[in-house]
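Enquirer: quick one: sequence and predicted model below, then my questions.
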Amino acid sequence: MTRLAQLQSWVDQVAALTQCDSVHWCTGTEEENRELIQQQLKTGGLIELNQETHPGCYLHRSDPADVARVEQLTFVCTSNKEDAGRNNNWMEPSAARARMNELFSGCMQGRTLYVIPYCMGPIDSPLSRCGVEITDSPYVVVNMRLMTRMGNPALRRIEKEGRFVRGLHSIGTLDPERRFIMHFPESLEIQSFGSGYGGNALLGKKCHALRIASHQARSEGWLAEHMLILGVENPQGEVHYIAAAFPSACGKTNLAMLIPPASYPGWKVWTIGDDICWMRLGDDGRFWAINPEAGFFGVAPGTSQETNANAMAMLHKDTIFTNVGLTADNQPWWEGKDSNRPVTDWQGRPYDPSKGPAAHPNSRFTVSSSRCPSYSEKAEASEGVPISAIIFGGRRERLVPLVLESKSWGHGVLLGAAMASETTAAATGAVGTVRRDPMAMLPFCGYNFADYWTHWLSFGQRPDQLPKIFHVNWFRKDTDHSFMWPGFGENMRVLDWIIQRCSGKAAAVETAIGMVPDQSSLNLEGLGIPTATLQALLEVNTKDWLAEMANISDYLDSYGSRTPAALMEQCHRVTADLS
Ligand code: OXD
Ligand code: MN
């Protein structure tokens with residue numbers, strides 16, 4: 001129940017349409033959470049894990065055909081098709097509504113309808129935005145409680161503001177043929193049917209905090225980005241905040257929780273967020289950023305003591321695992337975790353390596369941010385944190401140097417717009433093919449990319465205080481297909497160079513595609529990396545880059561007349577400098 005008439009009447013309307021058995025308004029309390037977990041243990045929606053080693057931890061096994069985001073079934077429904085852009089699937093809003101109404105009609109018979117009021121961002125922050133998700137999935141409720149500030153405090157803010165994103169979700173019958181994720185950014189609405197997978201079902205995350213929020217951010221003059229936020233503290237206690245965009249499953253969570261190597265005594269990395277960043281220009285001309293989420297929905301495979309000790313420390317308590325394997329003593333297990341042996345795979349079958357991995361490659365953990373040892377108290381600050389540097393990055397086996405600094409804001413926007421990466425298991429479809437993924441927002445930008453680049457360029461007016469923009473590539477391989485850069489904690493060396501560049505300290509060499517480290521300015525102490533490898537990591541191959549720039553130019557041009565001329569000019573300038 002709420003005293004906000006528009007919210008109450010929407011809930012009543014949805015209850016009538018879906019013919020649910022009962023309506024439950026989520027309060028977000030411990031007691032409610034316990035009850036929902038007990039109920040799912042009874043129905044099999046959750047499986048209890050070893051409570052001695054993993055108190056408060058549970059496993060969810062999804063339908064085997066519902067394990068990732070479905071980009072081909074995700075739509076942005078703007079009244080004008082051009083406003084959605086060729087980066088989105090589009091459906092005319094009234095046609096989309098009619099289609100969804102049919103699917104939602106009677107779909108909650110025999111089920112409880114849960115109303116989840118939530119706030120994206122600290123509850124008292126002017127940068128935060130609220131939403132209400134209606135769902136018939138108790139798994140969604142317990143995950144939303146970890147991922148957002150959910151329940152009574154959010155409802156109070158919604159009642160005060162009177163404005164909220166309306167998200168309607170039903171798992172339906174989980175039939176892939178009857179599955180759609182629809183966004184109506186002009187009316188701040190989301191409708192998702194037929195999937196229980198995180199990115200399709202936890203509507204606060206990709207649907208609200210990226211697709212709807214990016215659209216809203218453009219009209220209100222801010223940015224909603226697919227970026228982690230971290231703080232690097234030096235031994236003098238100064239902290240620089242960095243926001244970094246990488247496509248899904250390229251190590252954002254690991255970078256956000258980086259532990260500096262032994263060669264950085266007294267340094268510390270603080271985690272603000274691992275996936276989404278909302279930022280706006282402050283009166284001081286700097287970007288101030290918040291993490292709209294309150295939890296991590298991280299990829300499990302590959303997470304280990306060596307790759308992410310902070311994550312490992314938070315995953316033995318109060319965590320929901322989705323689609324991981326199990327050991328004989330009922331502990332969660334995934335490829336790369338440790339030397340334990342799984343006995344059951346993610347589908348609950350006896351583990352048989354010839355049938356594939358024990359954990360699904362996109363298996364996940366959901367856990368509250370507060371459980372992370374490196375979580376920064378600044379993540380709760382209503383004003384956010386000031387951003388010194390923005391990093392773009394992709395997974396590229398060849399061509400792209402380890403690190404590159406843009407020559408200007410406009411050039412930095414080009415670095416972001418030209419991003420490309422080899423695809424991963426976070427979305428359905430082929431894995432390992434290179435695709436352009438501007439600002440890592442290809443699956444998430446809620447409007448035409450050409451307008452989005454114009455919006456990014458519009459901030460370039462007061463360049464003195466803006467963050468510097470960089471591009472990194474941790475994933476270069478040599479001719480033997482071995483990684484050339486050690487990655488993980490050693491990425492601290494690149495962060496160090498970036499921060500030094502922001503403070504005007506480290507040296508750099510100017511190339512046509514941007515500034516690269518002078519070989520002596522990158523701290524390689526104790527790394528034992530051969531000089532030839534370092535040279536290869538920083539090399540700019542003119543012939544290959546001319547081909548890359550031609551490809552980038554065609555890509556940007558493919559967005560038609562809305563592509564900003566200033567961006568094409570940046571592209572032509574780099575090409576001319578290479579020639
Ligand atoms: C995610 C994704 O789940 O990007 O964060 O797919
Ligand atoms: Mn993501």
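Expert: Sure thing, it's come through. Ligands and ions are numbered 1, 2, ... in the order given.

Enquirer: quick check: closest non-adjacent residue to the closest residue to ligand 2 within the stretch 51-200 of the chain.
Expert: Closest contact between the stretch 51-200 of the chain and ligand 2, by C-beta to the ion, is at residue 199 (7.7 Å). For glycine as for every other residue, the C-beta is placed from the backbone atoms N, C-alpha and C. Spatial nearest neighbour of residue 199, excluding adjacent residues (C-beta to C-beta, 6 or more residues apart in numbering): residue 69 at 4.0 Å.

Enquirer: any idea how far residue 126 is from the one you found?
Expert: Here the criterion is C-beta to C-beta, to the nearest Å. By it, residue 69 lies 30 Å from residue 126.

Enquirer: export stretch 312-326 to CSV, keeping only CA atoms.
Expert: Below are the C-alpha coordinates for stretch 312-326, written out as CSV (Å, rounded to 0.1, in the frame of the first residue of the first chain):
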residue,chain,number,x,y,z
MET,A,312,36.9,-14.2,-2.6
ALA,A,313,36.8,-12.7,0.9
MET,A,314,33.2,-11.5,0.4
LEU,A,315,31.8,-14.6,-1.2
HIS,A,316,31.6,-17.0,1.8
LYS,A,317,28.7,-15.2,3.5
ASP,A,318,25.3,-13.8,2.5
THR,A,319,25.8,-14.5,-1.2
ILE,A,320,23.4,-15.9,-3.9
PHE,A,321,25.2,-17.9,-6.5
THR,A,322,23.6,-18.6,-9.9
ASN,A,323,24.5,-21.5,-12.1
VAL,A,324,27.8,-22.6,-10.4
GLY,A,325,28.8,-26.2,-9.7
LEU,A,326,28.9,-27.9,-6.3
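
Enquirer: so how far is it off the chain centroid?
Expert: The gap between the average C-alpha position of stretch 312-326 and the chain average comes to 19 Å, counting by C-alpha atoms, centre = their mean, to the nearest Å.

Enquirer: in it, what counts as buried?
Expert: Of the residues in stretch 312-326, those scored as buried under the neighbour-count criterion (16 or more other C-beta atoms under 10 Å) are 312, 314-316, 318-326.

Enquirer: what residues does the chain have near ligand 1?
Expert: Applying the criterion C-beta under 6 Å from any ligand atom, the portion of the chain that neighbours ligand 1 consists of 69, 199, 248, 275, 297, 426.

Enquirer: what bridges to the fifth one?
Expert: When bridges are taken as DSSP bridges, the partners of residue 297 come out as residue 366.

Enquirer: surely it touches residue 363?
Expert: No: Residue 297 is not in contact with residue 363 according to C-beta atoms under 8 Å; the separation is 11.2 Å.

Enquirer: related to what we said a few turns ago, pick out whichever of residue 69 and residue 126 has more residues nearby.
Expert: Taking neighbours as other C-beta atoms under 10 Å, residue 69 and residue 126 compare with residue 69 leading, 22 against 12.

Enquirer: ok, that one - contacts?
Expert: Under the criterion of C-beta atoms under 8 Å, 6 or more residues apart in numbering, the contact list for residue 69 reads 197, 199, 200, 206, 248, 426, 427, 428, 443.

Enquirer: mind picking the two most distant members of these?
Expert: Every pair in these was compared (C-beta to C-beta); the two farthest apart turn out to be 206 and 428, at 14.3 Å.

Enquirer: those two: who's more crowded?
Expert: In this comparison of residue 206 against residue 428, neighbours counted by other C-beta under 10 Å, the higher total goes to residue 206 at 25 against 18.

Enquirer: grab the nearest non-local neighbour of that one.
Expert: In space, residue 206 comes closest to residue 199 once its chain neighbours are excluded; the distance is 4.7 Å by C-beta to C-beta, 6+ apart.

Enquirer: residue 519: neighbour count?
Expert: 13.

Enquirer: likewise residue 306?
Expert: One way to gauge burial is a neighbour count; for residue 306, by other C-beta under 10 Å, it gives 12.

Enquirer: please report the distance of it from residue 528.
Expert: 17 Å.

Enquirer: what do you get for residue 115?
Expert: For residue 115, the distance to residue 528 equals 57 Å [C-beta to C-beta].

Enquirer: residue 450 and residue 85 touch, don't they?
Expert: Yes: using C-beta under 8 Å, residue 450 is in contact with residue 85, at 6.5 Å.

Enquirer: how about stretch 232-246, does it reach ligand 2?
Expert: No: between stretch 232-246 and ligand 2, judged by C-beta under 5 Å from the ion, nothing touches; the nearest distance is 8.5 Å.

Enquirer: now that stretch: average pLDDT?
Expert: Looking at stretch 232-246 alone, the average pLDDT works out to 97.

Enquirer: show me which residues of it are buried.
Expert: If you call a residue buried by 16+ other C-beta under 10 Å, then stretch 232-246 has these buried ones: 232, 233, 239, 240, 241, 242, 243, 244, 245, 246.

Enquirer: ok, those vs ligand 2, which is closest?
Expert: residue 246 (8.5 Å).

Enquirer: the closest one against residue 390, yeah?
Expert: No: using C-beta under 8 Å, residue 246 makes no contact with residue 390, being 12.0 Å away.
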